[in-house]
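Colleague: Here is my input; please provide its structure:
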Amino acid sequence: MSRKMNRICNIARYLSLVFIGLIMLLPCRVSAQEKFIIVLDAGHGGKDPGAVNGKNQEKTINLNVTLRVGQLLEQNCPDVKVIYTRKTDVFVELYKRADIANKAGADLFVSIHTNAAKSSSAYGAETYLLGVEENRTSANLNVAVEENKAILYESDYETHYEGYDPNSPESQIIFEFMQSEYTKESLKVATMVQNGMIGEPKRHDRGVHQAGYLVLWKSAMPSILIELGFISNPNEVKYLTSAQGVEELSQSIYKAFVNYISDVKGKSPVATVQTAAPVQAKPDTPVVQTKSDKPVFKIQFMTTPDQLPLTDSRFKGYQSVECHKDGKLYKYTCGNTGSYNEILKTQTEVRRKYKDAFIIALLNGERISISEAKKLAGE
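Modeller: This next block holds a predicted model:
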């Protein structure tokens with residue numbers, strides 16, 4: 001009986017050691033899986049200085065605050081992984097900033113900027129999320145338009161931003177149907193950040209708004225853009241470039257992130273990278289694709305959150321109407337020609353109804369720049 005009991009005890013002791021070993025391994029595995037990923041984006045950089053006031057450049061202010069916020073998170077939050085779109089004075093295209101966040105499966109994307117205005121009296125901090133406000137003002141639109149002009153430093157922005165013209169306020173129409181599925185969470189964190197900045201740093205409250213920022217456009221997670229203050233205001237620029245200003249703003253933003261992460265821990269939406277896929281109007285019709293060295297020109301004229309049938313009255317009168325799904329949006333094109341001059345005529349007709357209709361070029365189904373397409377077409 002004694003030998004039997006010894007065997008049982010030995011087995012029990014072995015199982016308990018195995019169990020303890022598994023328990024010791026578990027926290028490391030869970031911790032790695034549960035890390036909250038935040039991507040911090042210092043606006044502008046490199047050849048793109050952003051807003052400028054004398055020797056003071058927006059890109060430097062943005063980077064100083066971004067690096068300090070990241071440092072605070074890294075030092076105090078072991079369950080948070082911080083990724084930067086840039087840590088030095090380099091130029092990063094706007095679309096690549098969102099790509100960094102998407103590919104990392106980030107839980108939050110934050111772009112940090114500094115405002116500017118024609119009047120030196122404008123002051124205060126504000127926070128934005130993607131969208132269009134019903135009671136939008138020209139001031140709110142201008143802020144987004146000015147920040148979006150960063151794409152002019154890119155060599156081929158027509159391809160990546162679907163014809164968006166940063167010099168035309170009318171181009172903001174492309175954001176009319178863009179209500180992100182992350183709007184609720186974006187609004188939550190934007191409100192926390194804004195409340196933080198008007199708290200301890202006691203910044204003037206310019207509120208939380210929605211606007212069409214290209215840097216937030218394709219981010220597949222809650223995303224916000226922070227305007228720290230006005231570089232165009234003499235008093236504000238002194239604060240924004242001072243050690244005290246950088247520290248106070250960074251601390252307030254950091255604390256807001258900690259509160260937000262604590263609030264949503266374990267409930268963060270999973271970010272996915274979605275690529276454009278064609279929506280077939282007639283699934284039973286086989287599509288034969290052949291390689292070609294000639295481009296095709298089309299007119300993109302509408303974007304909707306829900307797919308419309310190609311028999312919809314809004315498409316009446318347009319030739320070769322097609323629909324493609326890009327992320328959660330449906331984009332519609334018309335016209336299909338290998339001639340740039342021909343598509344220009346089509347664009348003129350379509351713009352009578354859709355003022356911001358623009359030309360796109362494709363080669364074997366892939367978007368290419370208009371300039372490249374014209375060369376291939378011999379025009």
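Colleague: Do I have it right that Gly45 meets Leu63?
Modeller: Yes: Gly45 lies in contact with Leu63 (C-beta atoms under 8 Å); the separation is 7.0 Å. C-beta: built from backbone N, CA, C; applies to glycine.
Colleague: quick one: the strands in the stretch 151-300 of the chain?
Modeller: All strands of the stretch 151-300 of the chain, identified by DSSP state E, counting those that start in this stretch, fall at 205-211, 223-230, 277-278, 296-304.
Colleague: roughly how far out does the first one sit from the chain middle?
Modeller: Right, strand 205-211. 17 Å (C-alpha atoms, centre = their mean, to the nearest Å).
Colleague: I'd like the strands of the stretch 151-300 of the chain as TSV, with distance to Asp79 appended.
Modeller: Converted to TSV, these look like this (distance: least, C-beta to C-beta, whole Å):
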stretch	distance to Asp79
strand 205-211	27
strand 223-230	21
strand 277-278	35
strand 296-304	38
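Colleague: residues contacting Pro295?
Modeller: By C-beta atoms under 8 Å, 6 or more residues apart in numbering, the contact list for Pro295 reads Gly338, Ala361, Leu362, Leu363, Ile368, Glu372, Ala373, Leu376, Ala377.
Colleague: And for Thr303, the neighbour number?
Modeller: 17 (other C-beta atoms under 10 Å).
Colleague: likewise Lys188?
Modeller: Counted with other C-beta under 10 Å, residues neighbouring Lys188 total 18.
Colleague: List the contacts of it.
Modeller: Contact partners of Lys188, counting by C-beta under 8 Å, 6+ apart, are Pro222, Tyr260, Asp263, Val264.
Colleague: try 10 Å this time
Modeller: Counting by C-beta atoms under 10 Å, 6 or more residues apart in numbering, Lys188 touches Leu129, Tyr182, Pro222, Ile224, Asn259, Tyr260, Asp263, Val264.
Colleague: Distance check, it against Val258.
Modeller: Separation of Lys188 from Val258 (C-beta to C-beta, to the nearest Å): 14 Å.
Colleague: if we can go back for a sec, ok, of the strands of the stretch 151-300 of the chain, where does mean pLDDT dip lowest?
Modeller: Note on the strands of the stretch 151-300 of the chain: lowest mean pLDDT is at strand 277-278, with a mean of 35.
Colleague: Surely Tyr182 and Val264 touch.
Modeller: No: in this structure, Tyr182 is not within contact of Val264 by C-beta atoms under 10 Å, at 11.3 Å.
Colleague: any common contacting residues for the two?
Modeller: Listed as contacting both Tyr182 and Val264 by C-beta under 10 Å, 6+ apart are Leu108, Lys188, Val189, Pro222.
Colleague: Between Gly45 and Leu63, tell me which one has more neighbours.
Modeller: Gly45 (25 against 22).
Colleague: hey, what's that one bridged with?
Modeller: On the basis of DSSP bridges, Gly45 is bridged to Asp48.
Colleague: cool, and Lys331?
Modeller: For Lys331, the beta-bridge partners are Thr303, His324 (DSSP bridges).
Colleague: hang on, isn't it packed against Ile299?
Modeller: No: Lys331 is beyond contact range of Ile299, at 11.3 Å (criterion: C-beta under 10 Å).
Colleague: Need the overlap of contacts for those two.
Modeller: Joint contacts of Lys331 and Ile299 (C-beta under 10 Å, 6+ apart) are Ile360.
Colleague: Between the two, point out the one with more neighbours.
Modeller: Each of Lys331 and Ile299 has its neighbours counted (other C-beta under 10 Å); Ile299 has more, 28 against 21.
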